[in-house]
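Enquirer: mind looking at a prediction? Sequence and model below.
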Amino acid sequence: MGEIVFWTIIRTIIIIPAVWLLRGYLDFEIWFVLNIFIIYLVIIHPTITQYRLFEEKNKDIVESTLCSSCIHFDKSAILCLKHDLHPTEKFLPCEGLDWEPKSSVKNPD
Ligand code: SF4
């Protein structure tokens with residue numbers, strides 16, 4: 001997930017000055033419409049595509065490993081927060097010893 005955010009920021013850093021430079025060469029209306037297309041094609045679309053690939057790649061880990069039902073699992077980063085390692089289908093950082101069910105979290109209310 002961090003990689004997706006990183007490359008989105010890099011693309012944004014590159015695109016903003018490029019689009020700003022285009023402003024001097026085009027009428028405002030054309031520049032504005034072109035801006036929307038460029039931002040979608042260079043920033044938004046690749047980010048959405050990368051996120052979908054990330055979800056598809058990690059679908060089995062999120063849905064069918066022991067970690068998926070553990071309180072220490074962060075599914076947005078596919079990360080065991082207790083061991084600071086990325087579990088896979090064949091690798092559980094704690095080997096199941098530190099597993100705690102999500103339902104064990106007490107409601108603070
Ligand atoms: S503590 Fe164990 S079961 Fe829980 S997320 Fe980490 S590796 Fe998975």
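Expert: Structure received.
Enquirer: which residue of this protein sits farthest from its center?
Expert: Asp27 (36.0 Å; CA atoms, centre = their mean).
Enquirer: list the buried residues in the worst-scoring helix or strand of the chain on mean pLDDT.
Expert: The weakest-scoring helix or strand in the chain, judged by mean pLDDT, DSSP states H and E, is helix 59-64 (a mean of 89). The neighbour-count check on helix 59-64 (16 or more other CB atoms under 10 Å) flags Ile61 as buried. C-beta coordinates here come from the backbone N, C-alpha and C atoms, glycine included.
Enquirer: for that helix, packing partners?
Expert: With contacts defined as 3 or more CB pairs under 8 Å, 6 or more residues apart in numbering; DSSP states H and E, helix 59-64 has no helix or strand neighbours.
Enquirer: which element follows that helix toward the C-terminus?
Expert: Going down the chain from helix 59-64, the next helix or strand is strand 73-74, by DSSP states H and E.
Enquirer: how distant is that next one from the center of its chain?
Expert: Centre-to-centre, strand 73-74 and its host chain are 14 Å apart (CA atoms, centre = their mean, to the nearest Å).
Enquirer: ditto for stretch 5-16
Expert: Using CA atoms, centre = their mean, the offset of stretch 5-16 from its chain centre is 14 Å.
Enquirer: this completes my enquiry, with thanks.
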